[in-house]
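Asker: Make a model of this:
(chains A and B)
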Amino acid sequence: MTQDTFMGYVRPDGRVGIRNHVAIIPSCGCALRAAQMIAAAVDGAVLIDYQEGCGITDADMELAKGWLTAFGRHPNVIGSVVVGLGCEGLDPHDLGARVAEGWAPSETLVIQEQGGTRSTADKGIAFARQMVATAEGMQRKACPVSALTIGLECGGSDATSGMAANPALGEFSDLMTAQAAKVILAETSELLGAEHVLRERSASPEIADRLIATIDACEAFLKSTGEDFMGKQPSPGNVRGGITTVEEKALGDVRKGGSSPIVDVLAYGDPPKLPGLSFMDTPGNDLTSVVGLVAGGSHIVTFTTGRGNPMGNPIVPVIKITGNPQTYAKMTDDMDVNAGLIITGEKTLAEVGRDIYDLSLRVAEGELTKAEALDHGEFMILRQGPIY
Amino acid sequence: MRNALKLHADDTVVTMIADVAAGDQVTWEEGETGVEALDAVPFGHKVAVREMAAGSRVMKYGASIGMARDPIAVGRHVHVHNLKSVRGAAKG
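Answerer: Coordinates of the predicted model:
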């Protein structure tokens, strides 16, 4: 097998980036407006739309701080401005200090110290402009595909997802793992009923046990609400699209991972340590799951959607793949790949898997995804505890 | 011309890749007659290709996707009205 390469940005810490974004990171919802003003005023700056940061449990606070830090230090980010209010639980100076430990420049502005929204935004705009200007001197160099981390996601699924888009993504995943890239399968609540497949696919009995324990814990937590999964897993749209039960959805979902062995089980937002296919414990909710995949260092998220979810991410390109030919025709502006050609018999799973692979390398080299062209930057972070 | 996909030999249902009306043939292998649809079934939805007793497993992808609520005749639309999740119930 030849080692494929792509043109990427090698960062001073040795990691590889595929975009040059400046991240504007609020430490709480009350700082959001100032952060919005900065991101809106500076071409090249993106808003990390975080809205909590106060009145949450210590455990949720610490985790959120870690995941926001991971966004600030993501290899696609060349600078960041942390915007705090001053009285929130999530200390913006601490967050800013953690982000600043990375190679990229970072500044922290606190609204109650800066004299309000306007003066904070003005200073933030100046910082962000300086950071954006540093991209000028950055050159892409040939990098091995093994430098990439790829997130696998499905959302807004219908019956075509399990028959066409997900198995095609499985073919893509196998091409990526053959190149020793890191690939992440996720969405724990969408795997109930596919445990036998996951056990077979695990690289060792110990990995299988950890994977099943993760699914069991998710099931117990969701059932502790006293509510049936129906209406959530599968969602009302999944049901209209022909998916009846969570088991049926799971058996379709698990096909995203292809045939490579699962080598590790990761907590939400943790970066994979090993080449090949890892599993990350994320919720089925699309926004929350994608943020976990990106906090874990994904450069690209590949996203299958039968019904058509247009979402993106502020710092990472999201490639949209639909297995439903009608959805592709209706939502061409949002869909990057038509895996509906598998349903109509015009292409094979392997051909579409190769198409996704070729597109992902073009995207890694700078080609914009449909979600990027429309400035989709959805952001939602995992929270387990209450809001006080 | 086939209008449905059967994903595994053990499956008791097929998935439509075209809408069918009641009385239309459902075929998943070229040259075979398949089964007659007893209901109108839209694209993406399932049709029973084997008789299923109440309480028996409904199979797709070669695995259980839940339990038949009632007896399901060959040709019936299989969905939330006659197929129940085993794993997604809050209790039991």
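Asker: Report how many residues lie close to B:Ala18.
Answerer: Neighbour count of B:Ala18, defined by other Cβ atoms under 10 Å in any protein chain shown: 15. (C-beta placed from N, C-alpha, C; glycine too.)
Asker: pLDDT value on it, please?
Answerer: Turning to B:Ala18, the model gives it a pLDDT of 96.
Asker: Can you give me every residue that contacts the residue nearest to it when sequence neighbours are not counted?
Answerer: Nearest residue to B:Ala18 in three dimensions, chain neighbours excluded: B:Asn3, at 4.2 Å (Cβ to Cβ, 6 or more residues apart in numbering or on different chains). B:Asn3 makes contacts with B:16-18, B:20, B:25-27, as judged by Cβ atoms under 8 Å, 6 or more residues apart in numbering or on different chains.
Asker: which two in these are spaced the farthest apart?
Answerer: B:Ile17 and B:Gln25 (13.8 Å; Cβ to Cβ).
Asker: Give me the more crowded residue out of the two.
Answerer: B:Ile17 (22 against 15).
Asker: separation between that one and chain A?
Answerer: From B:Ile17 over to chain A the distance is 5 Å, taken as Cβ to the nearest Cβ, to the nearest Å.
Asker: what's the answer for B:Ala53, then?
Answerer: Applying Cβ to the nearest Cβ to B:Ala53 and chain A gives a distance of 18 Å.
Asker: Report the beta-bridge partner residues of B:Met52.
Answerer: B:Ile72 (DSSP bridges).
Asker: Is it correct that it is in contact with B:Thr12?
Answerer: Yes - between B:Met52 and B:Thr12 there is a contact under Cβ atoms under 8 Å: 5.7 Å.
Asker: Name the residues contacting each of these two.
Answerer: What both B:Met52 and B:Thr12 touch, as defined by Cβ under 8 Å, 6+ apart, is the set B:Val58.
Asker: Check the spacing between B:Phe43 and B:Arg50 real quick.
Answerer: Between B:Phe43 and B:Arg50 the computed distance is 22 Å (Cβ to Cβ, to the nearest Å).
Asker: Looking at these two, which is more packed in?
Answerer: Legend: neighbour count by other Cβ under 10 Å for B:Phe43 and B:Arg50, higher for B:Phe43 (20 against 15).
Asker: Report pLDDT for the more buried one.
Answerer: pLDDT at B:Phe43 comes out at 97.
Asker: With the one 10 residues further on instead?
Answerer: The confidence metric pLDDT takes the value 98 at B:Ala53.
Asker: next one: phi and psi at A:Leu175?
Answerer: With angles defined as degrees, to the nearest 10, A:Leu175 sits at phi -60, psi -40.
Asker: Next one: the nearest residue to it once chain neighbours are set aside relative to A:Gly252, how far apart?
Answerer: Distances taken as Cβ to Cβ, 6+ apart put A:Tyr357 closest to A:Leu175, at 4.6 Å, once the chain neighbours are dropped. Counting by Cβ to Cβ, the gap from A:Tyr357 to A:Gly252 is 21 Å.
Asker: ok, those two, which is more surrounded?
Answerer: Neighbour totals were compared for A:Tyr357 and A:Gly252, and A:Gly252 leads with 32 against 21 (other Cβ under 10 Å).
Asker: ok, A:Ile243 touching A:Asp158?
Answerer: Yes - using Cβ under 8 Å, A:Ile243 makes contact with A:Asp158 at a distance of 6.6 Å.
Asker: if we can go back for a sec, gap between the residue nearest to B:Ala18 and B:Tyr61?
Answerer: B:Asn3 is 19 Å from B:Tyr61, by Cβ to Cβ.
Asker: Can you show me the helices along the stretch 251-388 of chain A?
Answerer: Ranges of helices in the stretch 251-388 of chain A, per DSSP state H, counting those that start in this stretch, are A:286-295, A:325-330, A:340-343, A:349-364, A:370-373.
Asker: Could you do the stretch 1-150 of chain A as well?
Answerer: A:32-41, A:58-72, A:92-100, A:111-114, A:117-133.
Asker: Relative to A:Thr5, which of those helices is closest?
Answerer: helix A:58-72 (26.0 Å).
Asker: need the longest strand for the chain.
Answerer: Just going to use chain A. Using DSSP state E to define each element, chain A has its longest strand at strand A:77-84.
Asker: The chain in question should be chain B.
Answerer: strand B:63-68.
Asker: So what are the sheet partners of it and their directions?
Answerer: strand B:57-60 (antiparallel), strand B:83-84 (antiparallel).
Asker: Adjacent strands (with direction) for whichever helix or strand comes after it?
Answerer: As assigned by DSSP states H and E, the chain's next helix or strand after strand B:63-68 is strand B:77-78. Sheet partners assigned to strand B:77-78 using DSSP bridges are listed as strand B:46-48 (antiparallel).
Asker: So for the partner strand, mean pLDDT?
Answerer: pLDDT averaged over strand B:46-48 gives 98.
Asker: Neighbours of the spatially closest residue to A:Arg140 that is not a sequence neighbour, how many?
Answerer: Excluding the flanking residues, the one nearest A:Arg140 by Cβ to Cβ, 6+ apart is A:Met7, at 3.9 Å. Using other Cβ under 10 Å, A:Met7 is surrounded by 14 other residues.
Asker: try A:Phe221
Answerer: A:Phe221 has 12 nearby residues by other Cβ under 10 Å.
Asker: measure it to A:His196 for me?
Answerer: Distance from A:Phe221 to A:His196, by Cβ to Cβ: 22 Å.
Asker: Right, I'll call it a day here.
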